[in-house]
Each structure stands twice: as structure tokens, then as C-alpha cells.
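Enquirer: Quick one: sequence plus predicted model below, questions after.
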Amino acid sequence: MPGLRHRVRIAAMQILFEVDATDHPLDVVMERRLEEESFGPEGKLFLQHLVFGVWEQRLHLDYIIEEAAPNWPVDQMPGVDKAVLRLALFELLIDRVEHTPPRAVINEAVELAKHFGSDNSSRFVNGVLGSVVQRYV
């Protein structure tokens, strides 16, 4: 199951990145991605839960990011970093369904940032999430 959840989180981050960076409709991007991937019913539900949950809560999540990283306005933040942080913060603070342990959420976010972000993304993501966990979790 960890392999599936990792793949779903990658897809969720990429969907959130695309929708935030373009004016593509969320449901269209989601359907395209589900056609490209074979997640099975459980993976599909997890992907929809993450993406729609993050997107619905993005203003609240952005507020938390700006509180934890006041020198980095969310609208000037690299898109990958923003998508990874939104996804991780949703899982840490808002998601009441999955109950993923905080350490697992942070480790996954750091891995996504290392793989898809810039050279500094993983340290930045780890720092923001560490600050948020100290404050809220």
C-alpha cells in the first residue's frame, strides 16, 4: 500500500501544481490524470480526497504557510513547494479521514520536494512543516 499512496501523492501534487499554475478546470485535470494512471478504486478515492480537500481549503492552508514562512509570500513561492506544502498541511491539520502519522507526512513531503522541487525545496518544506507541527500538532 505505501507504493500506491506514494504514487497518489505524486499525482495529487502534480494536479494541484497544474491547476494552480494554469486556468485548467480541476475536474478536467483530475479526470485526465485518472485516465493516465491505474490507481484502482482505493487509490482513486484517496486521490480525489486529497486533491479536492486541498483545493477547497487552499486559502486556509496558504494562511498557515504564510504564518510559518513570513518571508516567503505564497504568491511568490515556487509552484512545486506550494503544492507540496498545501498537500502536507492538509494531511497534517485538516484531514480527519486518513490519520496519517505526522512523521510520515513530513517524510513524504520532503521526498516530493527533493524529487520535483529545486535544490533548496526539501529544506524549505521540512522547515515550514516542522514549524507548523510544533505550533499545531
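Expert: Yep, it's here.
Enquirer: immediately after the lengthiest helix in the chain, which helix or strand?
Expert: Using DSSP state H, we find that the single longest helix of the chain is helix 40-68. Counting by DSSP states H and E, the element after helix 40-68 in chain order, helix or strand, is helix 79-89.
Enquirer: Need the residues that contact that next one.
Expert: Applying C-beta atoms under 8 Å, 6 or more residues apart in numbering, the external contacts of helix 79-89 come out as 9, 12-14, 16-17, 20-21, 50, 54, 58, 61-62, 64-65, 74, 77, 105-106, 108-109, 112-113, 116-118, 121, 124-125, 128-129, 132. The way it works is simple: take the backbone N, C-alpha and C, and place the C-beta from them, glycine included.
Enquirer: and the residue nearest to the spatial centre of the chain, what pLDDT?
Expert: Most central in the chain under C-alpha atoms, centre = their mean is residue 87, positioned 1.9 Å from the mean C-alpha point. Here the pLDDT value assigned to residue 87 is 98.
Enquirer: Can we start the residue count at 49 from this point?
Expert: With 49 as the first residue, the last one maps to residue 135.
Enquirer: Could you check how far it is from residue 103?
Expert: Distance, residue 135 to residue 103, using C-beta to C-beta, to the nearest Å: 10 Å.
Enquirer: Give me the common contacts of those two.
Expert: residue 64.
Enquirer: Of the contacts of helix 127-137, which belong to helices?
Expert: 57, 60-62, 64-65, 68-69, 98, 102, 106, 109-110, 112-113, 153-154, 156-157, 160-161, 164, 169, 172-173, 176-177, 180.
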